[in-house]
Structures are given as structure tokens and as C-alpha cells.
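Novice: Let's see this in three dimensions:
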Amino acid sequence: MVFASPDERVTVGVLPFDSKSVSSIMDVSNCTFVVVPSRDKSYQLILEYVADHLCSKDDHRSFEVDAGKKKHHYWEQNDQSDGSDASTLRAGYGLHRFSWNDHQLVCLRQHIGAPVGTSREAVRMENVVLLYPSVNAETILHNFVDTVVATAEATKKGYISIFRWHTEYEYWRNAQKARARPIESVVLPRTTKSKLIEDLDDFVSKDTKAFYANHGIPYKRSYLFYGVPGTGKTSLIQAMAGQYERNLFFLQPTHPKMTDDSLRSAVEQVPRNSILVLEDIDALFDKDRKKKVEQSPLTFSGLLNALDGVGSPDGHIVVLSTNFRDQLDDALIRNGRVDVHVPFEHTTEEQMEAMFLSFYPEEKDGTAFASALVAALGERKMSMAALQHYFVTQRRKTATEAIANIDEIVRNLDERQREADEEAKEREAKEKAKEEAKEKKASEKAEEEAKEKEVSEKAEEEAKGKEVSEKAEEEAKENKKGEKADVSS
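Specialist: Prediction:
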């Protein structure tokens with residue numbers, strides 16, 4: 001960002017905006033301004049704030065709406081707004097007068113420069129100019145920008161903000177604000193859960209931070225959540241955010257536009273005391289570091305460098321998630337890059353009992369449910385997501401009825417398995433048909449090439465025979481001429 005007062009820093013002739021348009025509402029020679037580039041992390045936040053704090057109806061001129069995901073505005077502090085009421089509204093292009101802390105400011109959103117060609121389309125760069133009607137007011141503008149960012153990144157008791165990386169514009173988009181999930185609601189094996197919580201509690205303690213600083217070790221903690229899908233990885237991550245009052249930053253490295261530079265930029269822009277989540281880390285490279293997504297520009301070394309750059313003094317908690325730990329390169333999960341491995345397995349009898357009691361807390365013992373379910377499952381395996389789904393379907397049933405209806409779980413699992421088997425057969429049949437079609441095409445091509453070769457060879461042989469015949473005829477004629485000459489003599 002660039003701060004300036006026209007009378008001190010620049011002349012009117014080189015102002016980074018059209019002074020004539022701004023002078024209609026402000027004395028350009030007696031103001032202070034700050035230029036915010038579109039890639040600054042405050043850019044989108046400023047536009048959202050301005051759109052919601054315009055001074056009068058006359059200032060409601062140009063807006064930009066994002067109706068894709070409704071969310072809670074970061075400056076709202078009431079508990080009634082939980083993200084389901086309003087779409088995201090941003091200030092559009094042009095001039096906007098807005099208020100902040102009893103100050104009236106002006107926001108100019110503008111295009112800059114000529115369109116620039118890219119691999120997809122021509123784009124124009126843009127920025128925001130914030131103006132205050134007085135010279136030497138850098139502090140006011142600086143405080144406004146800092147406050148907007150700090151408010152957006154702050155965690156409110158009982159809520160967490162979830163950010164997702166916008167790969168094209170390279171900024172963290174505030175996707176939603178959600179109610180924090182209690183850590184007690186996540187049902188894991190007691191040993192697994194207690195070890196993780198103890199490790200996290202130790203990491204966030206003041207003496208641990210001092211220890212890292214004294215020994216020159218980057219103050220970060222990395223976890224690998226691995227195992228069966230639907231076993232609570234995401235639920236635990238959200239509960240961790242609520243427990244330690246940290247915002248979540250989800251990063252999808254498999255995005256086709258995720259380059260080494262973009263990944264590094266994303267990691268560097270994660271605010272202090274946040275949780276960074278890299279999802280499906282196994283989908284990028286195999287154990288031989290070969291790309292699984294051919295069109296992805298991200299390199300293995302770029303991934304490692306980005307992970308090594310996490311931390312500094314910011315206390316980041318990093319979570320890598322995968323369903324297949326055995327497919328990860330050892331360098332990716334070595335000590336230092338991953339500190340703790342947390343397994344997520346199929347539902348255990350202990351978890352069955354714990355989840356039963358979470359839905360029927362008035363019951364003293366969930367052993368009967370767990371024992372009955374284990375017996376009914378036999379050799380079958382089930383995820384925690386499937387078990388939770390069962391309890392949701394039984395929400396109007398008593399604990400006794402929920403135990404009596406356990407066969408529904410088995411029927412549902414068997415039905416899902418049959419569907420999965422049928423889908424697998426369909427995929428196999430399609431692949432087989434595709435392969436057969438490919439082989440048939442190759443065979444037809446080979447036959448066609450063989451025929452063409454045969455015709456070519458035959459034509460060549462005929463041409464050669466014709467040439468030999470013509471040569472023989474020519475020689476015969478020459479011999480005949482010679483014989484006539486001998487007779488004449």
C-alpha cells in the first residue's frame with residue numbers, strides 16, 4: 001500500500017486517480033490517500049465494509065454481489081446472524097462515501113492500465129484508493145485498513161471463520177463464518193483424542209513458544225490426519241479451531257492453476273495463530289514423486305518449500321489430510337514437516353458406545369448398543385459418518401428402539417455396498433468396452449496399413465516386373481538390330 005498527501009508526496013499531474021472526478025466530492029489538494037492493490041489481503045475486505053457503511057442513499061450507486069455462498073459479515077457481532085441471511089455485497093467501480101469510527105472517507109475503485117492478455121482472456125488490473133479530507137491523515141487510513149483486516153481475522157467466541165484460497169486472484173477469501181463445534185462432540189478413540197489434545201495444549205502454551213524461540217526452531221506444529229474416509233477428519237479440524245479459537249484456512253493444492261509461487265504466496269499470507277489445512281495431499285504425487293494430476297503446474301519441490309516456509313513466529317497449526325498415507329513420499333511426512341501422525345480408522349466398539357451416549361445422554365450404559373451392533377456387523381466395517389447418519393434417522397426413536405433397529409444399519413451398509421459393486425462393474429464394463437474399442441480401432445488400423453502395404457508392394461512388384469519386361473523387350477530389339485546388321489554385312 002502507498003500512502004500520500006498530494007501537497008507533500010506527489011503533484012496533481014501524477015496522482016494515481018482522476019482528480020477531476022474525485023474533486024466533485026473532495027478537495028484533492030487538501031487530502032491524504034492510500035492506494036490498495038487488488039492482490040492485497042485487505043482489498044476484498046475493504047470493498048465489503050464500504051458497501052455496508054455508505055453515508056447516504058445517494059452513495060448506493062455501484063455494487064458487486066457474490067450470491068454463491070451466504071455468510072456472516074465479519075464486522076457483525078450479534079449471535080443471530082449465523083451466515084444464512086445475506087449474500088456478500090461489495091462496492092463496485094466508482095466513488096463511494098462511507099463512514100468509519102465517526103470519520104467520513106471516500107473509496108474509489110478503479111481499473112488501471114490497458115487490458116492485459118492471459119492464457120484465457122484479456123484482463124484489467126484494478127485497485128482501490130482510500131481518501132481522507134485532510135492532509136497528514138496517514139494514521140487514520142492506516143488504522144482503518146488494519147482494523148478491517150484484524151476484525152476479519154479475529155475469532156469470536158463460539159464462532160470460527162473459514163477461508164479458502166482464491167487461486168486466480170491470490171488472496172484468502174472469507175468463505176463463511178460458522179459456529180464452532182465442541183471438541184467433545186467429535187467421537188474418537190479415547191487414547192487418540194487425549195494424545196492429540198495434550199500435544200496441542202502443550203504447543204499453544206507460552207513456555208513452548210519461548211522454547212522454540214530460544215532454540216531457533218520455527219514455531220509451528222504439523223499433523224497428518226490419515227485413514228478411512230468419513231471417520232471425522234474434517235469434524236476434528238473444525239473442533240480444533242473452536243477449541244483453540246483459531247480460524248481455518250483450507251488450501252486445495254490440486255487446483256489446476258496452483259503453481260509453486262501461488263502455493264508459497266498462500267502459505268505466507270496465512271495470519272498468525274491460524275490452522276492451515278492442505279486437503280487430499282495424496283492426490284498430488286505418488287511415492288516416486290510422479291504427478292498424479294498431469295495438468296497441475298505444482299512441483300514436488302515447490303510443495304516441500306511451501307511447507308518448510310510455514311511458521312516463523314506465527315504459531316501456525318498445519319494439518320495435512322489423506323486417505324492413503326502409504327502413497328505419500330517419505331520426504332513429505334518426515335519429522336519436521338509432520339510432527340504427529342493421527343490415524344482415523346473404521347468405527348471401533350468404544351466409539352459406537354460413545355456416540356450412542358452422545359445421542360442418548362440419559363442412558364447410563366451404551367454397551368448393549370455397541371455389543372449388538374458389533375454382532376450385527378459381523379465382518380463388515382463402517383465409518384463414523386455412517387453411524388452418525390443412523391442416529392439422525394432415529395432422532396424420534398427411544399434408546400431402546402434405536403438398539404432394536406440396528407438391522408437397518410446392516411441393510412443400509414449392504415445396499416451401499418451393492419451400489420458400489422454395481423458402479424464398479426459399470427466402470428469396469430465401460431473401461432473394458434473402451435479398451436476393446438481401442439484395440440479394435442488399432443486392429444482395423446493395422447489391417448488397413450497391412451492392406452495398403454500389400455497394395456503398395458504389389459504395385460511396386462508390378463512396376464518392377466514391367467520395368468524388367470520393358471528392358472528385356474528393349475534388349476531383344478537391340479539384339480535383333482544387331483543380327484540384321486550382321487546379315488547385311
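Novice: which residues touch the residue nearest to V50 when sequence neighbours are not counted?
Specialist: Excluding the flanking residues, the one nearest V50 by CB to CB, 6 or more residues apart in numbering is A91, at 4.2 Å. Any C-beta I mention is one placed from the backbone N, CA and C, and that applies to glycine too. Neighbouring residues of A91 by CB atoms under 8 Å, 6 or more residues apart in numbering: 47-48, 50-51, 62-64, 107, 109.
Novice: May I ask which of the residues you listed has the most neighbours?
Specialist: With neighbours defined as other CB atoms under 10 Å, the most crowded of those is V50; it has 27 neighbours.
Novice: For that one, give me the pLDDT.
Specialist: As predicted, V50 sits at a pLDDT of 93.
Novice: Report all helices and strands that the strand or helix carrying it contacts.
Specialist: In the assignment (DSSP states H and E), V50 maps to helix 43-52. Judged by 3 or more CB pairs under 8 Å, 6 or more residues apart in numbering; DSSP states H and E, helix 43-52 is in contact with strand 32-37, strand 88-91, strand 94-100, strand 103-117, strand 122-132, helix 138-153, strand 171-179.
Novice: how about 7 Å then?
Specialist: On a contact count with 3 or more CB pairs under 7 Å, 6 or more residues apart in numbering; DSSP states H and E, helix 43-52 meets strand 88-91, strand 122-132, helix 138-153, strand 171-179.
Novice: which residues are contacting the second one?
Specialist: The contact list for strand 122-132, computed with CB atoms under 7 Å, 6 or more residues apart in numbering, reads 16-17, 22, 26, 31-38, 43, 46-47, 105-113, 115-116, 140-141.
Novice: For the residue most central in space within the chain, give me the pLDDT.
Specialist: Residue closest to the mean C-alpha point of the chain, counted by CA atoms, centre = their mean, is Q252 at 2.6 Å. pLDDT recorded at Q252 is 88.
Novice: and what of A154?
Specialist: Note on A154: pLDDT of 77.
Novice: for the record, mean pLDDT for stretch 296-309?
Specialist: For stretch 296-309, mean pLDDT is 87.
Novice: Would you give the sheet partners of the helix or strand that contains Y226, along with the direction of each?
Specialist: Using DSSP H and E, the element containing Y226 is strand 220-227. Strand pairing for strand 220-227, using DSSP bridges, gives strand 316-322 (parallel), strand 340-344 (parallel).
Novice: Convert that strand to CSV, retaining C-alpha atoms only.
Specialist: Extracted in CSV, the C-alpha atoms of strand 220-227 (Å, rounded to 0.1, in the frame of the first residue of the first chain):
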residue,chain,number,x,y,z
LYS,A,220,4.7,-24.4,14.2
ARG,A,221,3.1,-27.8,14.7
SER,A,222,2.2,-30.1,11.8
TYR,A,223,-0.2,-33.1,11.9
LEU,A,224,-1.0,-35.8,9.3
PHE,A,225,-4.7,-36.9,9.6
TYR,A,226,-4.8,-40.2,7.6
GLY,A,227,-7.2,-43.1,7.2
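Novice: Report the mean confidence score over that strand.
Specialist: 94.
Novice: Could you pull up the residues touching I237?
Specialist: Contacts of I237 (CB under 7 Å, 6+ apart): 248, 275, 277, 319.
Novice: what's around the last one, how many residues?
Specialist: Put plainly, it is V319. So V319, with other CB under 10 Å, has 24 neighbours.
Novice: just the third one next, same as before
Specialist: The local packing count at V277 equals 26, with neighbours defined by other CB under 10 Å.
Novice: Same question for K209.
Specialist: Number of residues near K209 (other CB under 10 Å) recorded here: 14.
Novice: The chain - how does it break down into domains?
Specialist: 2-154, 179-344 (automatic domain parsing).
Novice: any idea which of those is most buried?
Specialist: domain 179-344 (a mean of 17; mean count of other CB atoms under 10 Å).
Novice: chain center to it: distance?
Specialist: Its chain's average C-alpha position is 13 Å from that of domain 179-344, according to CA atoms, centre = their mean, to the nearest Å.
Novice: what sits against V228?
Specialist: 344-346, 383.
Novice: okay, stretch 305-322 in CSV with CA atoms only?
Specialist: C-alpha atoms of stretch 305-322 as CSV (Å, rounded to 0.1, in the frame of the first residue of the first chain):
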residue,chain,number,x,y,z
ASN,A,305,9.4,-25.4,0.0
ALA,A,306,6.0,-24.1,0.9
LEU,A,307,5.6,-26.4,3.8
ASP,A,308,9.0,-25.5,5.1
GLY,A,309,8.1,-21.9,4.9
VAL,A,310,5.1,-22.3,7.3
GLY,A,311,5.6,-20.9,10.7
SER,A,312,8.1,-18.2,11.6
PRO,A,313,6.9,-16.8,14.9
ASP,A,314,3.3,-17.1,13.9
GLY,A,315,2.3,-20.3,15.7
HIS,A,316,0.6,-22.0,12.8
ILE,A,317,-1.0,-25.4,13.2
VAL,A,318,-0.8,-27.3,9.9
VAL,A,319,-2.9,-30.3,9.1
LEU,A,320,-2.3,-32.5,6.0
SER,A,321,-5.2,-34.8,5.3
THR,A,322,-5.1,-38.0,3.3
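Novice: Check what contacts that stretch and list those residues.
Specialist: With contacts defined as CB under 7 Å, 6+ apart, stretch 305-322 is touched by 209, 218-226, 233, 237, 246, 263-264, 267-268, 270, 272-282, 328, 337-338.
Novice: So which elements touch the lengthiest helix in the chain?
Specialist: Ranked by residue count and defined by DSSP state H, the top helix of the chain is helix 407-488. In terms of contacts (3+ CB pairs under 7 Å, 6+ apart), helix 407-488 is packed against helix 367-377, helix 384-393.
Novice: what packs against the longest one?
Specialist: Right, the one you point to is helix 367-377. helix 349-359, helix 399-404, helix 407-488.
Novice: quick one: average pLDDT of the longest one?
Specialist: Helix 407-488 shows a mean pLDDT of 85 in the predicted model.
Novice: same check, this time on the second one
Specialist: For helix 399-404, the mean pLDDT works out to 93.
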